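S.K.: okay, predicted coordinates and the sequence, questions at the end:
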Amino acid sequence: MQSDVLERTPIATTMTSGTVIARLSGKKAVRSGVGWGLVFGVYVATQALTYASSYKSEAARRLLVKEFGSNPGISALVGPAFRIDTVSGFTVWKCLTVLAITGSVWGILTSTRLLRGEEEAGRWEVLLAGRTTRRGSVVQALFALAGGLGALFVTTGVLIVALGRSSKVDVAAGGALFFTMAIVAGPAMFLAIGALTSQLASTRRQAAGAASAVLGASYAIRMAADSVAGLGWLRWATPFGWVEELKPLTSPNTWPVVPIVAWIAVCGLTTVLLAGRRDLGASTLRDHASRAPRVGLLNGPVVLAFRLLRPTLLAWTVSIIAYGLLLGSIAKSGGQAITSSPALRLVFERLGVSGAQAYLGIALLLMAVTMGFIAAGQVSAARTEESSGRLEHLLVRPLSRRSWFVGRTVLATGVLVVGGVLAGLSTWVGAASDHAGVSFTSMLEAGVNVVPPALVILGVGLLFLGVAPRLSVPVTYAVLVWSLLIEITSGIAGVNHWVLDTSVFHQMAAAPSVHVDWAENLIMVLLGALVALAGVDAFTRRDLKGE
Amino acid sequence: MSTPAIRTFALSKHFGDTQALRDLEFDVGVGEVVGCLGPNGAGKTTLIRLLLGLLIPSGGRGEIFGLDCHRQTVEAHARLAYVAGEANLWPTLTGAETLHLLAQVQGHVDDAYRDVLVDRFDLDTSKKVRALSKGNRQKIILVAALMTRPDLLILDEPTSGLDPLMEQAFRACIGEARERGQSVLLSSHILSEVEVLCDRIGILREGVLVEIGTLAQMRHLSALLVEATFDGAVPDLTQIAGVTMVKVTGSSVTCQVQGSVEPLLRVMVDAGVLGLLSREPSLEELFLAHYGDDATGEERPPRAE
């Protein structure tokens, strides 16, 4: 009977086992590269075409330069505004850093998934029993990643070249491709970093965490380089600085290609080297296999979740505090730049808002986005407990599904509230150290103010966790990224208010430059709570579902 | 009679178009050890996951000590313990930490017995789960289940990955559980395990309980196995009443007989039988008698669809 079953199932006969990892992983990577290439291309096109139609006159463009051209605060967030009186310059300014960072996050998630994630799930164990070595399989996975990167480049490139042919934009194909290369350079470098950390760490979560730390540090260094006078040379110390220095379309410079290629080559070679030296499923960094039991925080499911999430939460805490201190300390100069526009100064004076407050009102959107990522991470962690089968070990004991779900919700909410308070406090400390004249209570309120949008994201994630668990993680991140893109786009273009309302950040008051709208916040919290309640109800009525 | 440990009423489950379990009527008495056999996809795991409330029934319902599997999970789970075939545990916790956690969630644990079990299964509890083999992870969830001394043990292929020595230890533990009056539902592929441990055996096929009974009852249902050698040609046995599964190899034949063996013996004696061997079929042969059809595609058509 057994042999009969085997005969009927054509296992792996269509693939040669020597390249099976490259093919399977390559398919996933290419699919995802094409998808994100479309998003990138459309995003670039939106920015360019909106600019071309909104800023037709020379006067309008000069005004834009005056407002944003030399604003260190804005430079800190999205990079320096170079030649933004031209379609190309503006498009590069609006797209390059944003897409480099988005793409780098994609790079980290993709490479850690295909390298460490597949290995962790034990899928390589099956494949390695065939005709491939561990080093060979890593090389294959790297080829798969290169395929994904190629797909991202081609898809984005085709759209940008096509855009360049439009009379409104008018960019030659060569320039368009150099711009595409600059956009893809970030993702390429972080694909490589993700591959390297996948060899160092033993779980995908750790690998992605380590790579994210590199990303955070790179972004922070670039922030300092772009906003603090005299630190411009620091751009050469960070991948995002190299990307900026390429200056595509405005004054192309090929020198930064050297460190970019060197970075990718060093990471790639080290990855291959390390892969041959370790055991399958093991890490390169020392990982103590045995220890005396530590039974703290093991008394129940919620404390267990907290214990398991501690490293992630610590990383977020450090990031929030670092961002807060940085934002606070550049608030005064950022504010001066904003209020150098007479029209805006008049508005802010009428509102009784200082420049620093005005700047922080804009900049704290970053904190709100960070909170959104923390919320989405909590949904993802809860879903992983279920999909991995670990949750079953708890639920077959006298623990109701409802109390597990509610426990996770309370934990996630607590984490977000603490995060918001920390965001406010650290920003206040940064601002106070620079005598920016921002009050403690207004910053505390502004910190708490970034929490409600994240609670809406958490609520949506929990709703889907209850209703359609396999969609919960993609949907949660989609809501977050969609909202983020709308916020970035809406500043320049007249976006329809119905579309604006679909962004979870849109209802958030820009505290501390305006007063916190507690009523609006209450509505957001209630909305989040309501959908989360629907989620818990659905969760108690459905089958547990694996991957 | 007291409330049975497990009872199902027309319990059904479908996943989309696939009917995984169909109108199952099944029970496990208090203190009884019942085995559940069937090929992959027969519905064994689905049945167990329904009983544990991890799946929601499409129809019918199940009870654990009279408590509804879906609506009274917490009360029901206080009286049972479950061992899954796959031990997906938290990779960063050590064995001792995992046992501590699961004990805390369970609420009551026999600490002394836990230590005995850790010893008996030769488990190194200081190692992180990540560093353990499949068999060692399996030991952790076995100890975690047994240490609570539950009224009911639900075991889904519990010995997967265990070496023969540990399998012996497992059998000893189930034997003790039986002596203490604990009830057991054991789903397994290992027929000898079921044969040794179980009072009654149910056979599931395509979501339907096709057979249930004690080993003796099932032997009665099944045929006697006969092997014979002749000095000449093997006579045609296929036309004799009660004789099935005739297989001729040269001058030897094997077949199964249901009911009286007399007609068969007459034909054999007339044909000049040299040697004759008959015995009761093992559980494995009983099992194959039920699923042998799958391979040959003869006799009764599948009952599903």
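M.R.: Yep, it's here.
S.K.: who in the stretch 101-250 of chain B is up against chain A?
M.R.: Counting by CB under 8 Å from any CB of the partner chain, the residues of the stretch 101-250 of chain B close to chain A are B:101-102, B:104-107, B:124-128, B:130-131, B:141, B:144. (C-beta placed from N, C-alpha, C; glycine too.)
S.K.: how close does B:G213 sit to A:L63?
M.R.: Remark: distance between B:G213 and A:L63 (CB to CB, to the nearest Å) = 90 Å.
S.K.: hang on, I meant B:A241
M.R.: 104 Å.
S.K.: which of these two has more neighbours?
M.R.: It is A:L63, of B:A241 and A:L63, that has more neighbours when counted by other CB atoms under 10 Å in any protein chain shown, with 15 against 11.
S.K.: which residues of the stretch 401-547 of chain A lie near chain B?
M.R.: Taking CB under 8 Å from any CB as the contact definition, the stretch 401-547 of chain A meets chain B at A:401, A:541-544.
S.K.: residue boundaries of the helices in the stretch 101-250 of chain B?
M.R.: Counting by DSSP state H, counting those that start in this stretch, the stretch 101-250 of chain B has helices at residues B:111-120, B:134-146, B:164-179, B:191-197, B:215-221.
S.K.: middle-most residue in chain A, spatially?
M.R.: Nearest residue to the geometric centre of chain A (CA atoms, centre = their mean): A:V105, 5.0 Å.
S.K.: quick one: contacts of stretch A:319-331?
M.R.: Surrounding stretch A:319-331, the residues in contact under the criterion CB atoms under 8 Å, 6 or more residues apart in numbering or on different chains are A:72-73, A:76, A:216, A:220, A:223-224, A:227-228, A:356-357, A:359-360, A:363-364, A:366-367, A:370, A:419, A:422-434, A:436, A:438.
S.K.: roughly how far out does that stretch sit from the chain middle?
M.R.: The gap between where stretch A:319-331 is centred and where its chain is centred comes out at 18 Å by CA atoms, centre = their mean, to the nearest Å.
S.K.: check which residues of it are buried.
M.R.: If you call a residue buried by 16 or more other CB atoms under 10 Å in any protein chain shown, then stretch A:319-331 has these buried ones: A:319-331.
S.K.: for A:T339, find the nearest of the helices of the stretch 101-250 of chain B.
M.R.: Shortest separation from A:T339 across the helices of the stretch 101-250 of chain B is recorded for helix B:134-146, at 62.6 Å, computed as CB to CB.
S.K.: which strands and helices sit next to the closest one?
M.R.: In this structure, helix B:134-146 packs against strand B:80-83, helix B:95-106, helix B:111-120, strand B:152-156, helix B:164-179, with contacts taken as 3 or more CB pairs under 8 Å, 6 or more residues apart in numbering or on different chains; DSSP states H and E.
S.K.: again, only this time at 6 Å
M.R.: Packed against helix B:134-146, as judged by 3 or more CB pairs under 6 Å, 6 or more residues apart in numbering or on different chains; DSSP states H and E, are the following elements: strand B:80-83, helix B:95-106, helix B:111-120.
S.K.: point out where the stretch 151-300 of chain B drops to low pLDDT.
M.R.: Scanning the stretch 151-300 of chain B with the threshold set as pLDDT under 70 gives B:219-222, B:283, B:289-300.
S.K.: what does the stretch 1-150 of chain A give?
M.R.: Applying pLDDT under 70 to the predicted model, the residue ranges of the stretch 1-150 of chain A that meet it are A:1-18, A:73, A:127-132.
S.K.: let's go with 50 and repeat that
M.R.: Applying pLDDT under 50 to the stretch 1-150 of chain A flags residues A:1-15.
S.K.: which residues of it fall in helices?
M.R.: Listed from the start of the chain, the stretch 1-150 of chain A has helices (DSSP H, counting those that start in this stretch) covering A:2-8, A:20-54, A:58-68, A:72-78, A:87-112, A:118-120, A:123-128, A:134-165.
S.K.: close to chain B: what parts of chain A are there?
M.R.: A:1, A:4, A:289-290, A:293, A:295, A:298-299, A:388-390, A:394, A:396-400, A:543-544 (CB under 6 Å from any CB of the partner chain).
S.K.: which residues touch A:V30?
M.R.: A:V30 makes contact with A:147-148, A:151 under the criterion CB atoms under 6 Å, 6 or more residues apart in numbering or on different chains.
S.K.: of these, closest to A:W93?
M.R.: Of all these, A:A151 has the smallest distance to A:W93: 26.2 Å, by CB to CB.
S.K.: relative to A:L24, how far out is the closest residue to the closest one other than its chain neighbours?
M.R.: Sequence neighbours aside, A:G33 is the residue nearest to A:A151 in space, at 3.2 Å (criterion: CB to CB, 6 or more residues apart in numbering or on different chains). For A:G33, the distance to A:L24 equals 15 Å [CB to CB].
S.K.: and the closest residue to A:L49 other than its chain neighbours, what element?
M.R.: When the adjacent residues along the chain are set aside, A:L49 lies closest to A:K168, with 6.4 Å between them (CB to CB, 6+ apart). According to DSSP states H and E, A:K168 maps onto no helix or strand at all.
S.K.: pull out the buried members of the residues of chain A next to chain B.
M.R.: Among those, the ones that count as buried (16+ other CB under 10 Å) are A:293, A:298, A:388-390, A:394, A:396-399, A:544.
S.K.: got the residues you listed as TSV, with pLDDT and secondary structure columns?
M.R.: Output for those, formatted as TSV (pLDDT from 0 to 100; DSSP: H, G, I helix; E, B strand; the rest coil):
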residue	pLDDT	secondary structure
A:P293	87	coil
A:L298	88	coil
A:S388	89	coil
A:G389	92	coil
A:R390	94	helix
A:L394	96	helix
A:V396	96	coil
A:R397	95	coil
A:P398	95	coil
A:L399	95	coil
A:L544	95	coil
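S.K.: doesn't A:L394 make contact with B:L52?
M.R.: No: in this structure, B:L52 sits apart from A:L394 without contact. The criterion is CB atoms under 6 Å, and the distance is 11.9 Å.
S.K.: can you tell me which of the residues of the stretch 401-547 of chain A next to chain B are in helices?
M.R.: With helices taken from DSSP state H, the overlap with those comprises A:R401.
S.K.: and residue 275, what is it in contact with?
M.R.: Since you didn't name a chain, this refers to chain A. The contact partners of A:A275, taken as CB under 6 Å, 6+ apart, are A:134-135, A:138, A:199.
S.K.: wrong one, I was asking about chain B
M.R.: For B:G275, the contact set (CB under 6 Å, 6+ apart) comprises B:T229.
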